[in-house]
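# Attaching a predicted model along with its sequence, questions to come.
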Amino acid sequence: MGDMATSEVVKPGSVDLAGVVDLIRAYDNILIVSHMRPDGDCLGSTVGLFLALKAIGKRVAAYNATPITKKWHFLDGIDNVRNELPDWPISLTIFVDCGAVSRVSETFVPHGHTLNIDHHLTNEAFGDHNWIDVDACAVGEQIYAITRALGVPVTATMASAMYLSIMTDTGGFRYSNTTARAFNIAGELVRAGADPGPIAQAIYENRNRGEVALSAIAMQRLVYEFDGAAVWAELRWSDYQQFGGQDSEPEGLVGEMRAIEGVEVSMLMHETQDGQLRVGFRGKGRIDCSAIAAACGGGGHYNASGAHSKLPYEQAREVVLENFRRGVAKDLGR
């Protein structure tokens, strides 16, 4: 196995891998929480950590406020992620892939001591203890490091969960965050029993018809700006109602928009069921997506970020478009 050295961001309450392991060993009743509308990194790292903690005898629960959609049901162990909190006392709450407490839910209140494990530069370092490794391609990398440091044998189920995390957050090992360390860990996980083919098929070759229809609608609405260097589109709630609701959201569509020749940054806006706005940004390196997202009240990575506005959609749309254009113009020197 290659070098597992990390580049942690030093923020208030920062801990390293050894500190994380000490905390986990010190507490017996542990709750794992993750962000609403979970993605592959969120769920893969949650399941991987849950199984690792169970393996060392911890009493552990995994909570996500959002119902787990059918898309993720293929993953062994996903049934351990529940939509209700445990009824026993919690001594340590571990946040995974979560930039702020509010990303769990608007009403979530942590219990006991808090440990925040993430790889986003924009993480608010809200925990009593924070391990933020911006060089990790996915939180799954960090969970793998924890598993090794705890001395837990990696089962095929654990390996599949952590592989899912790394595969999805690197875009199938295509994004700029795909490092030698990511490949090394992925190789270790395959040797431990993760099967890349079925996992990739479940994510990239299993789109429902509503998702395909919504993708087509968005592609028909593409708006090019800055001589084609920027592109954006939007999906309204009426579109979702027509084609299957939230379960049909096109996964990875904003990344497909970025893949268009000449495009440096893409943006996809979604109207939510309650009339608010969610937005995703993807870039190729010239545009700081995290800065644009931060101006919209969100955050993330330099090349992949997002935000959620509580303003009414039409009002939020104008704010987001203004910040998008301002950010692109700044980074392109226009």
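In hand now; what should we look at? Numbering: from 1, shown residues only.
# Give me the distance from stretch 130-147 to the chain's centre.
How far stretch 130-147 lies from its chain's middle: 12 Å, per Cα atoms, centre = their mean, to the nearest Å.
# which stretches of the stretch 151-300 of the chain aren't confidently modelled?
Of all residues in the stretch 151-300 of the chain, none has pLDDT under 70.
# Tell me which stretches of it form strands.
Along the stretch 151-300 of the chain, counting by DSSP state E, counting those that start in this stretch, strands occupy 223-225, 230-235, 265-271, 277-283, 299-300.
# List the buried residues in the first one.
Residues of strand 223-225 classed as buried by neighbour count (16 or more other Cβ atoms under 10 Å): Glu225. For the C-beta atoms, the positions are set from N, CA and C on the backbone; glycine is no exception.
# just to revisit the earlier point, make a markdown table out of the strands of the stretch 151-300 of the chain and add distance to Tyr175.
Formatted as a markdown table, the strands of the stretch 151-300 of the chain follow (distance: least, Cβ to Cβ, whole Å):
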| stretch | distance to Tyr175 |
| --- | --- |
| strand 223-225 | 23 |
| strand 230-235 | 18 |
| strand 265-271 | 14 |
| strand 277-283 | 9 |
| strand 299-300 | 13 |
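# Could you tell me how many residues sit around the residue nearest to Ser160 when sequence neighbours are not counted?
Of all residues not flanking Ser160 in the chain, Ala194 sits nearest, at 4.6 Å (Cβ to Cβ, 6 or more residues apart in numbering). Burial of Ala194 is recorded as 24 neighbouring residues (other Cβ atoms under 10 Å).
# the helices in the protein, which residues?
Taking DSSP state H as the test, the helices found in the chain are 17-26, 40-55, 139-150, 156-169, 180-191, 196-204, 209-220, 237-242, 253-258, 289-295, 313-332.
# how about the ones you listed, which one is nearest Gly280?
Counting by Cβ to Cβ, Gly280 lies closest to helix 253-258 out of those; the figure is 4.3 Å.
# So which bits of the closest one are buried?
Leu253, Val254, Gly255, Met257, Arg258.
# Which of those sits closest to Arg148?
Within those, the smallest distance to Arg148 is 30.4 Å, found for Gly255 (Cβ to Cβ).
# Identify the residues contacting the closest one.
Gly171, Ser266, Arg282 (Cβ atoms under 8 Å, 6 or more residues apart in numbering).
# And for Arg282?
So Arg282 contacts Val254, Gly255, Met257, Arg258, Val265, Ser266, Met267, Cys289, Asn303, Ala304 (Cβ under 8 Å, 6+ apart).
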